Structures are given as structure tokens and as C-alpha cells.
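*Asks:* Attaching a predicted model along with its sequence, questions to come.
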Amino acid sequence: MPRRWRIYPYEYEEGEIPVTCLEVIFNVPLPSAYTYLPDEEGKACTGKRVILPFGRRENLGYVVGELQSIPPGLEKEKLKRVRRVVDEEPVFDAADISLARWMASYYFCGPGEALAAMIPAGRRTGNYSVFSDEEPENLTLSAEQQRALEGLLKEAAAARKKKDPENVPGGNTKHAGGSGAVMSYLYGITGSGKTEVYLHLADRMIRDGRSVIFLVPEISLTHQTAELIGRRFGSAATTLHSGMTGSERLTEWMRIRRGEVSIVAGPRSAIFAPVRNLGLIIIDEEQDGSYKSGSTPRYHARQIAMHRCAREGALLLLGSATPSAEAWKLMQEGSIKRFNLSARLAGGKPPEIIPVSLEKTEGCLSRELKEEIRLTARMGRQTILFLNRRGFAYFYHCRNCGFELNCKRCSVSLTYHKSRHRVVCHYCGYENSPPLSCPQCGSLEAGFTGFGTEFIEEEVQQTFPDLRVRRADADTTGRKGSLKEMLAIFKAGGIDILLGTQMVAKGLNFPGVRLVGVIFADTGLHVPDFRAAERTFSLLVQVAGRAGRYFPDGKVIVQTLRPADPAINRACALDLEGFYENELRQRSALGFPPYSRLIRFTIRSRREERAGRAAERLASLARQALPPGAELLGPAECPIGIQNGNYRRQILLRGNLMGPLHRAAAFALEQYGRSRDSGVYVETDVDPVNLL
């Protein structure tokens, strides 16, 4: 079949046969491209989005190819025509299409679903520039930072030489996800100056004519990183994140495509930025679970980065004070070269961390924490209070009959939000008025227990009425720019106590913070997931790192009901070596990553029996194709057995190598798809990070 790519603008050469039809893909879970006739004006071409009839309605499609003749078996009279062309110039190219097809193959999704995750929605609205040129700020590196920089420059040179010629657009893409990528790790305690090394390395790359992608996990960190790269690189830098409108993101996307931008910062989706001559991808706080997409396509930014770096000869630099267990193992083995930063550079030192038992504490603030808050305020310094649970209270229980108030559509308890006087499900969004008495027996001996950030805020304000308190969570930062504004006020000293969830736990750099209080350290340990201890340990070390970054008197109070738990105990002692040694020993004994690879099927249906029947059938098909040494776990009910009215079952495929495991999953899905069950949906997650 004759095919060629056409780059816009394009003029036909004399005697050339014009395009007869177009190949179009859609944001649907289908593997095929569809054939359409061009629009009457002939503006549609590869790389543009178009509106055209699909099924019973018009839909947005992506033109991925152009044909000079109609494929065999199709009649021109029966082909539908493009109705409207959305873009004046192409928004994606052959390299983007190649990446989308690799993602579709690796993550079991449609190529259109992958491309839709890559390309920003919206229309261009004219010029939108995040930064303006100004005098760059360039801090001098310490001797330790300089050694790390020089070593990383050598690694970048090695990456250029190792560019994978097979992993190019249209070439032989690999299921390993770019296993030939050169990876390095910048491992340093909180406040040791990792960001400055990142920026110096990025500066060297840009001076050499190469581009940089800088990923951060949280939107709050995007703002801080954006300010840093804006001061350093001016209009050559931009950001891509969910806080921007679709039109703003698309405008910046096109600036990047045209080569007007050399460094792009942002959370997970910025990994797709179409930079020219990619030289470096930085993934800061690489252990963070937000780098993994929770919806189709369920990609991990690290895996996409490995693929791009191998294909384009770029260095992949991971960094954190609390590496993932997978990264720690690879560093111990020497598969990833590690560069260490061991000292705080702004005058601070690692804080004193004190575990405090909550067993005999009334309320949610221990005596020790209250005293330290008062002392910190008298010193004219600031406090961060951390609790990774929003709302006022999260568990409704009747002492008379034992009734528990759960979501009607999910098998989880409802959370009481006092400011709105509503009970809300944080999984499906269901909400209702809180009951005045037990809905089952009518008893008044019923009510909410447990505490969230809203509850803490009320108690803190009552305990310290003379201090300025602000709460930063999903309920208070929904307005565009509100989180950035709140953090700016805190940094300027306008807030005495900042109370928040995970968005204030890591990466942020506030000179005035002396004290960090962890209200309840045990929250994440109750989750039925093999990564629960690792997440808890990482979060505690990270939030502790906000204290005393500029002064040697930082203090952290960790409130817990389980002070002897290894994750909490070792976090308080900042014993990373001990934690990872123990954690990896347990993972090895249990056969979980990094000592195995996983593929997870989640089967859901509004009919319980259908979900169970489909899960059994899919499991039977997967068993037929499992390679030697691999195993199938399940089918079993998911830890959250009902979500948004759907009954959920899960199957885990576990093996040492992804290739054979991937082929087994592909076989099972293909066979199942030939006679799939009505009203049943199968979600496939390669390398899952969450098993709820």
C-alpha cells in the first residue's frame, strides 16, 4: 500500500499524484486506523486534528497517514469525508505517531487513546508565553555539586553515543520500553541542592543546542520549578500542566514544536513535550506515584522517558532523597550510576525527628507538638502541619447497632466535610446530607470519628487563636492559581501555620520553616498494598525535609499509634540504608517488584455475577499462555470491591521478565475479546503502582 508522510506546508511536485484518502485514528480502544476522504479545501494532512463522522455522531480524529490510492476492498462512494479541520498547522508528527503506537502496544490501549493523552486539547488562541527574558540567576556550586555535574556531563556524552538506531520512528520499537537508555541518579538529602545541579546540567545542554524536559510530581512543585527555570532561562522555558487551559497548553505545545523553547517543566504529561534535539530528561522525586497515569493509557512517565531517551540519545536523570525500591536496587547493582549530595547548603542540617505516641492524647495535637508550635511562633518562625487525609472526619459508626455509613456506590466510608455540611465519597463523588441519627436503628449514639485536614484546622485555630492558619488541600485550592498564591503568602511570612495534604509534603523550599508536625503517620500503613511501607517511609522523610533548611534547629514531631513500626521508626532515624535493606529482603521473599514484573487485569461490571464470570474466564485464558516460572494470582475481589456502582475483580500476572508476561496478557485479551461479556469492562495495567 503506497504511503508517505507529508509535512505542512506542502506543495505537490509536477506530475505527483495527489492524496486520495486519509488514515484517521480516534480516542477509542480500537487498534485500527479508519479511511476517510479529505475535506473539500484539501487542508487536512498528517499531524492535524479533524472533525468527521464516526458512528452516529461527529467526533474528533487524528490524521496519521495519507494514501495516494484507496485501499483494496473499499469503495470511494462509501467513504465519508472530513467535515472540518481543527488545526491550521500540524500539532504532531511521525515521531509522536510512532510513540503513540508503541504506547498502544505496551499498555494495551488504542493508538488514538495514546495520542489523545499526548496532545493538549483546545485551540490556539494567539501568543501565550509563560516567561520573559531577564537577567539569569546562576548560583555557584559546591565542590560536591560540581563533582556530580561533571560526572553527569560524562553520562550525557555516553547517552549520545548510545543512541538506539532501531528505536526510531517507523523502526523496531521494543517492549522493554527503551531498555538501552543511559540512566543516572542524583541522590541527596533534602536541602542538599539537587535542583541547582539539575539547572546547571540543563544549562550546559541548552548551550550545546539540546533540549530538556524537567518533570516534577505535584502541581505545587511545578509553580516553584517554573519560577526557577524562568529566572534562569527566560523565554526559552515553558511549562505544561493541568492548571493551564487547554488553549494555553496547546499554544505552548506549538511553541515547543517550532523550536522556540529549550526547556519544558511540568508534571507527568510534560514527558510528551515535542522538544527538538532532546538531550536530557529529569524526573525529580522519581518515587512519586503520580508519575503513573490512573486512567487509559496507564503509562508511567519513567517508562516513556526511558523509551524517548533510548530513541533520541538523551540522558535520563532520576533524583530524590527517598528513591523508589526499584531504583535503590538498581543503584546497588550498579545498573544506574549514582551521584551523591550529602550536605545542606543553606546553613541548615537534617532536623531532629521525634516520634510521639498518640495513645493517651486527647484531640489530635499532642502536648509536645503544641509546645513546639508555641516556641516556633515566639521565634518568629513558621510551622507546617501535615495530614494526608482531607475533610473533617472519615468514619461514621453507631455504638448501639454497629452501623457504618458507606458510599452507596463504593465499598468505602463517606467523609464528612463540615464546611459544606455534606458527606462525600472521595472515589466516585457521591454526596449527601449527614444523618442526624443512626439510619439503621435511630440511635443518637452515632457519629463521625477520625480526623481530616478540616478537623485539624478547626482544632489548631481554637488552640492558637493568635496565629495565622491556612489549609492547603483539594478543597481549598480548586480555584486556578489559588495554591500558587497561598504558597507565595507562606513564603513571604504571611502565614504562621500551613496545614496541608501531600501537596505540601515534598520539594517545597521555605526559609522560615522551623517545625513540621505529622498529625497521624499511620494513615498509609493500613492500605492493603505491598508498597504501603515504602510510601509511608518516603512521605515521612520528605515532609521532615521541609524543616530547618536554612537554620540548624529544625524539628519534626511525628505523631503515631505505631512508633515501633519499621517504616516509621526508620524514617524518624533517617535510616535509609536500614529501611531499603529490610524492604528489599521482604519484597524478595514475597516475589514482588523489583524482584518480579506485574500485569494487572481489573474486571468491572454493574452485575456482580458477570464480573465474577468474566474474571474466571479471563484467568483461564491467561493460564494457558503463562510462561514457565510465571504465576497467576486470583481472580479475587479488589480491595475496593465496589466503586461507582461497579463490582470489581482483579487478576495479577507475575513473572521475572516482562516480554513473556506481556505476550501471555496479549493472548488472553485477544481470546477474551472474540466473545467478550456484555456489560463487562477489562482494564489492563502494566507495571501497576496501586493495587486498590
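*Replies:* Great, that's in hand.
*Asks:* just checking, residue 444 is part of a helix?
*Replies:* No: counting by DSSP: H, G, I helix; E, B strand; the rest coil, one finds residue 444 to be coil, located in no helix.
*Asks:* Who are the contact partners of it?
*Replies:* Residue 444 is in contact with 437-438, counting by CB atoms under 8 Å, 6 or more residues apart in numbering. Just so you know, the C-beta spots here come from the backbone N, C-alpha and C atoms, and that holds for glycine as well.
*Asks:* and if we set it to 6 Å?
*Replies:* By CB atoms under 6 Å, 6 or more residues apart in numbering, the contact list for residue 444 reads residue 437.
*Asks:* Now do the domain split for the protein, please.
*Replies:* 3-118, 143-341, 352-391+451-588, 597-686 (automatic domain parsing).
*Asks:* my guess is residue 677 meets residue 615, correct?
*Replies:* No: look at residue 677 against residue 615 with CB atoms under 6 Å: they stay out of range, at 9.9 Å.
*Asks:* So for these two, which residue has more residues nearby?
*Replies:* residue 615 (27 against 18; other CB atoms under 10 Å).
*Asks:* by contact count, what packs against the strand or helix carrying residue 228?
*Replies:* Using DSSP states H and E, the element containing residue 228 is helix 219-233. Here helix 219-233 is seen to pack against strand 237-239, strand 263-266 when contacts are counted using 3 or more CB pairs under 6 Å, 6 or more residues apart in numbering; DSSP states H and E.
*Asks:* Only the buried residues of that helix, if you could.
*Replies:* 219-226, 228-233 (16 or more other CB atoms under 10 Å).
*Asks:* Out of those residues, which one has the weakest pLDDT?
*Replies:* Least confident entry in the buried residues of helix 219-233, by pLDDT: residue 220, with 67.
*Asks:* what ranges do the strands span in the stretch 251-400 of the chain?
*Replies:* 263-266, 278-284, 315-320, 337-341, 352-357, 382-386, 395-398 (DSSP state E, counting those that start in this stretch).
*Asks:* Point out the one among those strands that comes closest to residue 162.
*Replies:* With CB to CB as the measure, strand 315-320 is the member of those nearest residue 162 (9.8 Å).
*Asks:* what comes up buried for that closest one?
*Replies:* For strand 315-320, by 16+ other CB under 10 Å, it's 315-320.
*Asks:* still on that earlier bit, kindly reformat the strands of the stretch 251-400 of the chain as JSON lines containing mean pLDDT.
*Replies:* Output for the strands of the stretch 251-400 of the chain, formatted as JSON lines (pLDDT from 0 to 100):
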{"stretch": "strand 263-266", "mean pLDDT": "96"}
{"stretch": "strand 278-284", "mean pLDDT": "97"}
{"stretch": "strand 315-320", "mean pLDDT": "97"}
{"stretch": "strand 337-341", "mean pLDDT": "96"}
{"stretch": "strand 352-357", "mean pLDDT": "92"}
{"stretch": "strand 382-386", "mean pLDDT": "93"}
{"stretch": "strand 395-398", "mean pLDDT": "84"}
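*Asks:* so which of the ones you listed gets nearest residue 569?
*Replies:* In terms of CB to CB, the element of the strands of the stretch 251-400 of the chain nearest to residue 569 is strand 352-357, at 7.3 Å.
*Asks:* Have a look at the chain and report the helix or strand with the lowest mean pLDDT.
*Replies:* Sorting the helices and strands of the chain by mean pLDDT, DSSP states H and E puts strand 3-4 at the bottom, at a mean of 35.
*Asks:* still on that earlier bit, how about a markdown table for the buried residues of helix 219-233, with distance to residue 401 added?
*Replies:* Formatted as a markdown table, these follow (distance: CB to CB, whole Å):
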| residue | distance to residue 401 |
| --- | --- |
| 219 | 43 |
| 220 | 43 |
| 221 | 46 |
| 222 | 48 |
| 223 | 48 |
| 224 | 50 |
| 225 | 52 |
| 226 | 53 |
| 228 | 56 |
| 229 | 58 |
| 230 | 59 |
| 231 | 61 |
| 232 | 62 |
| 233 | 63 |
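*Asks:* which one of the residues you listed sits closest to residue 670?
*Replies:* residue 219 (38.4 Å).
*Asks:* Which residues are in contact with the closest one?
*Replies:* 241, 243.
*Asks:* May I have the beta-bridge partners of residue 518?
*Replies:* residue 386, residue 558 (DSSP bridges).
*Asks:* Run a quick neighbour tally on it.
*Replies:* Neighbour count for residue 518, taken as other CB under 10 Å: 29.
*Asks:* wait, doesn't it sit right on residue 560?
*Replies:* No: Residue 518 is beyond contact range of residue 560, at 7.9 Å (criterion: CB under 6 Å).
*Asks:* quick revisit: tell me which of the domains of the chain sits nearest to residue 435.
*Replies:* Closest among the domains of the chain, using CB to CB: domain 352-391+451-588, at 16.1 Å.
*Asks:* Just the buried residues of the lengthiest strand in the chain, please?
*Replies:* Determined from DSSP state E, the single longest strand within the chain is strand 631-643. The neighbour-count check on strand 631-643 (16+ other CB under 10 Å) flags 632, 634-635, 637-638, 641-643 as buried.
*Asks:* Ok, stretch 369-380 next?
*Replies:* Quick answer for stretch 369-380 (16+ other CB under 10 Å): 369-370, 372-373, 376-377.
*Asks:* try stretch 278-289
*Replies:* Buried, per 16+ other CB under 10 Å, within stretch 278-289: 278-288.
*Asks:* Same question for stretch 206-218.
*Replies:* In stretch 206-218, counting by 16+ other CB under 10 Å, buried: 206, 210-218.
*Asks:* Residue 650: which of those residues is nearest?
*Replies:* Taking CB to CB as the measure, residue 217 is the one of the buried residues of stretch 206-218 closest to residue 650, at 25.5 Å.
*Asks:* That closest one contacts residue 289, doesn't it?
*Replies:* No: here residue 217 does not reach residue 289: they are 8.2 Å apart, not a contact under CB under 6 Å.
*Asks:* quick one on the thing from earlier: other SSEs contacting the following helix or strand past the longest strand of the chain?
*Replies:* Sequence-wise, the next helix or strand downstream of strand 631-643 (DSSP H and E) is strand 646-655. Packing partners of strand 646-655 (3+ CB pairs under 6 Å, 6+ apart): strand 597-605, helix 608-625, strand 631-643, helix 658-673.
*Asks:* Go ahead and name everything in contact with the longest one.
*Replies:* Translated: helix 608-625. For helix 608-625, using CB under 6 Å, 6+ apart, the contacting residues are 601, 603, 605, 632, 635, 647, 649, 651, 664, 667-668, 671-672, 677, 679-680.
*Asks:* How far does it sit from its chain's centre?
*Replies:* 30 Å (CA atoms, centre = their mean, to the nearest Å).
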